[in-house]
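J.: Only the shape, not the letters, is given here:
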């Protein structure tokens with residue numbers, strides 16, 4: 001298909017984040033098509049920098065005037081296909097009235113007759129994690145829809161703005177997100193007590209985040225001598241500020257999903273809802289705190305039994321302990337592979353062309369200084385069919401075996417996939433934070449290209465660029481000297 005596709009996305013922020021892998025799968029299935037997202041204003045900025053999205057169209061509500069303006073626009077656009085990730089009857093009716101010939105979605109909420117392709121939605125489908133729920137619909141329609149971790153695309157400018165906003169705060173910075181739009185049965189009341197504990201126990205700072213709708217519930221937390229930006233940032237600014245925290249604590253809310261989608265460790269407190277359906281997905285750096293009572297999960301906005309024990313029995317100390325286990329504390333030196341550790345012949349695809357660069361033996365000094373050694377490498381040659389993935393793994397295993405590397409990550413994707421792991425995107429660094437407990441702000445990256453330096457800048461790591469006159473040996477020497485300066489600086 002080379003025409004135009006309309007994707008109706010969910011109205012709630014958390015659901016919208018969880019539907020991102022499905023959005024990418026639609027674009028992947030029809031790469032030549034133009035993809036327009038139809039979204040409420042409250043979530044529209046989620047798609048602002050997403051390279052898979054060509055246009056965002058605002059859904060202004062069901063008022064007659066707004067509905068008529070939208071219908072006229074959609075008819076003018078002449079979409080060939082509407083993919084309805086939102087479950088409502090209204091989404092199918094709007095697509096039908098807009099004259100879109102192909103309308104795909106779940107057959108629920110009495111909308112089956114309005115769809116050209118309707119996917120059954122029974123107990124099995126409703127019992128899927130929401131990310132898989134959206135992907136399952138596409139698979140049932142014959143599309144390839146692999147799981148990918150939701151990822152919010154942030155520019156380096158946005159990240160640096162947020163870092164500047166938080167530069168006066170002591171690390172670690174723990175973001176607290178006490179709001180939850182669904183209702184009282186999702187709002188843990190221990191945030192104020194936790195806010196008082198954190199500076200004493202962790203020696204860092206507390207940042208309270210949320211929208212204007214969260215101002216009332218955040219007031220008691222803000223009184224605990226913390227920095228509150230609740231209601232004082234746009235949605236994009238909220239994403240950026242969350243990305244610069246060392247960890248987030250949240251209810252089961254949109255903020256929780258934003259946390260793992262910007263790569264930040266998350267402690268999630270669950271009350272009336274079920275983390276099997278809406279919790280952080282596998283692979284996220286997350287801890288879930290909940291009480292399994294006879295009445296939970298009830299999925300009610302207010303406790304039908306009048307006690308809220310599912311939340312009240314969770315103590316601030318328990319959440320604090322989960323934070324301590326989750327906060328990264330190890331230092332690492334990340335090293336690009338081709339051009340930094342070995343010669344870069346273009347697409348390294350055979351051992352005959354493998355040439356280790358001088359200075360590799362110096363890396364043991366970094367290990368002795370307490371750093372992990374972590375390799376990172378873009379390997380789009382795999383997706384292009386130029387390099388066997390097994391060969392990439394063999395070369396990476398050489399560095400693990402012969403030079404004491406602790407881990408080696410590679411990105412196998414084509415650039416057009418716009419994945420989160422391809423440098424300069426920091427996905428591989430964030431994966432190391434999640435899996436190895438790496439404190440990125442106390443770490444270094446050594447590479448030979450500007451994209452390596454940009455990846456380091458995105459996460460607050462320091463970077464060294466190799467190439468004449470600085471080789472790997474000189475880079476190691478520079479890192480060790482800078483670390484010694486830091487250790488001897490006043491106040492440390």
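T.: Alright, I've got the coordinates. Every value quoted in this text rests on a predicted model; they were computed, and no experiment measured them. Residues are numbered from 1 along each chain as shown.
J.: State the next helix or strand along the chain beyond the helix or strand of the chain with the lowest mean pLDDT.
T.: Lowest by mean pLDDT, DSSP states H and E among the helices and strands of the chain is helix 215-222, with a mean of 73. Downstream of helix 215-222, the first helix or strand assigned by DSSP states H and E is strand 227-228.
J.: List of residues touching the following helix or strand past that following strand?
T.: Proceeding N to C from strand 227-228, the next assigned helix or strand is helix 235-243, under DSSP H and E. With C-beta atoms under 8 Å, 6 or more residues apart in numbering as the test, helix 235-243 has contacts from 13, 42-43, 45-46, 48, 152, 154, 158-159, 161-162, 165-166, 175, 207, 209-211, 229, 233, 248, 255, 258-259, 262-264. In this view, the C-beta of every residue, glycine as well, is placed from N, C-alpha and C.
J.: Does residue 58 touch residue 39 like I think?
T.: Yes. At 6.9 Å, residue 58 and residue 39 qualify as touching, with contact defined as C-beta atoms under 8 Å.
J.: Which of those two has more residues huddled nearby?
T.: Taking other C-beta atoms under 10 Å, residue 58 and residue 39 do not tie; residue 39 has more neighbours (23 against 14).
J.: which stretches of the stretch 51-200 of the chain aren't confidently modelled?
T.: The model of the stretch 51-200 of the chain has pLDDT under 70 over residues 181-183, 185.
J.: Now do the strands for the stretch 51-200 of the chain: every range, in order, please.
T.: With DSSP state E, counting those that start in this stretch as the definition, the stretch 51-200 of the chain shows strands at residue ranges 55-59, 81-84, 102-107, 117-120, 173-177.
J.: Check the stretch 351-492 of the chain too.
T.: So, for the stretch 351-492 of the chain - with DSSP E, counting those that start in this stretch - the strands run 372-378, 407-411, 444-447, 462-465.
J.: quick one: average pLDDT of the longest one?
T.: If you average the pLDDT over strand 372-378, you get 98.
J.: quick one, what contacts residue 277?
T.: Contact analysis of residue 277 by C-beta under 8 Å, 6+ apart lists 127, 128, 129, 130.
J.: any idea how far the residue lying closest to the second one once chain neighbours are set aside lies from residue 125?
T.: In space, not counting the residues next to it along the chain, residue 128 is nearest to residue 136; the distance is 5.9 Å by C-beta to C-beta, 6 or more residues apart in numbering. The spacing between residue 136 and residue 125, counted by C-beta to C-beta, to the nearest Å, is 6 Å.
J.: And these two? Which one has more around it.
T.: Legend: neighbour count by other C-beta under 10 Å for residue 136 and residue 125, higher for residue 136 (19 against 16).
J.: Just to check, that one is in contact with residue 126?
T.: No. Between residue 136 and residue 126 there is no contact under C-beta under 8 Å: 10.6 Å.
J.: Return the set of buried residues in stretch 167-187.
T.: Of all the residues in stretch 167-187, those buried under the rule 16 or more other C-beta atoms under 10 Å are 169, 171-182, 184-187.
J.: where does the stretch 351-492 of the chain have low pLDDT?
T.: For the stretch 351-492 of the chain, the stretches flagged by pLDDT under 70 are 490-492.
J.: now the stretch 201-350 of the chain
T.: 222-225.
J.: Which parts of it are strands?
T.: Counting by DSSP E, counting those that start in this stretch, the stretch 201-350 of the chain has strands at residues 205-208, 227-228, 247-251, 266-269, 286-289, 332-336.
J.: quick one on the thing from earlier: let me have the strands of the stretch 351-492 of the chain in a markdown table, extended by mean neighbour count and distance to residue 121.
T.: Output for the strands of the stretch 351-492 of the chain, formatted as a markdown table (neighbours: other C-beta atoms under 10 Å; distance: least, C-beta to C-beta, whole Å):
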| stretch | mean neighbour count | distance to residue 121 |
| --- | --- | --- |
| strand 372-378 | 23 | 39 |
| strand 407-411 | 20 | 35 |
| strand 444-447 | 26 | 46 |
| strand 462-465 | 19 | 48 |
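J.: Out of those strands, flag the one nearest residue 340.
T.: strand 444-447 (5.5 Å; C-beta to C-beta).
J.: what are the pairing partners of the closest one, and which direction each?
T.: strand 332-336 (parallel), strand 462-465 (parallel) (DSSP bridges).
J.: so what's residue 387 up against?
T.: 347, 348, 349, 379, 381.
J.: The longest helix along the chain relative to strand 332-336, how many degrees between them?
T.: Counting residues, the longest helix found in the chain (DSSP state H) is helix 472-488. What separates the directions of helix 472-488 and strand 332-336 is an angle of 160 degrees, with axes from the mean of the first three to the mean of the last three C-alpha atoms, to 10 degrees.
J.: so what's residue 228 up against?
T.: 207, 208, 218, 221, 222.
J.: Specify the beta-bridge partners of it.
T.: Residues in beta-bridge contact with residue 228 (DSSP bridges): residue 208.
J.: Could you check how far it is from residue 207?
T.: For residue 228 relative to residue 207 (C-beta to C-beta), the value is 8 Å.
J.: cool, residue 68 as well?
T.: Separation of residue 68 from residue 207 (C-beta to C-beta): 43 Å.
J.: ok, those two, which is more surrounded?
T.: Taking other C-beta under 10 Å, residue 68 and residue 207 do not tie; residue 207 has more neighbours (24 against 10).
J.: hey, where'd the helices end up in the stretch 51-200 of the chain?
T.: In the stretch 51-200 of the chain, the segments counted as helices under DSSP state H, counting those that start in this stretch are 64-77, 89-97, 123-126, 130-140, 156-165, 191-202.
J.: got a list of contacts for the longest one?
T.: In other words, helix 64-77. Contacts of helix 64-77 (C-beta under 8 Å, 6+ apart): 4, 6, 36, 57, 59, 60, 61, 94, 97, 98, 99, 100.
J.: Tell me how many other residues surround residue 110.
T.: Neighbours of residue 110 using other C-beta under 10 Å come to 9.
J.: ditto for the one 10 residues further on
T.: Here the count is done by other C-beta under 10 Å, and residue 120 has 12 residues near it.
J.: do the same with residue 32
T.: The number of residues packed near residue 32 is 7, by other C-beta under 10 Å.
J.: so what's it closest to, chain neighbours aside?
T.: Distances taken as C-beta to C-beta, 6+ apart put residue 2 closest to residue 32, at 4.5 Å, once the chain neighbours are dropped.
J.: same check, this time on residue 144
T.: Closest residue to residue 144 apart from its sequence neighbours, by C-beta to C-beta, 6+ apart: residue 29 at 6.5 Å.
J.: sorry, back to before: now, among the contacts of residue 228, which is nearest to residue 399?
T.: residue 207 (37.9 Å).
J.: correct me, but the closest one touches residue 244?
T.: No. Using C-beta under 8 Å, residue 207 is not in contact with residue 244; the gap is 9.1 Å.
J.: what do those two both touch?
T.: 166, 173.
J.: In helices, which of the contacts of residue 387 fall?
T.: Using DSSP H, the contacts of residue 387 in helices are residue 381.
J.: roughly how far apart are the residue lying farthest from the centre of the chain and residue 345?
T.: Residue farthest from the centre of the chain, counting by C-alpha atoms, centre = their mean, is residue 352 at 38.8 Å. According to C-beta to C-beta, residue 352 and residue 345 sit 10 Å apart.
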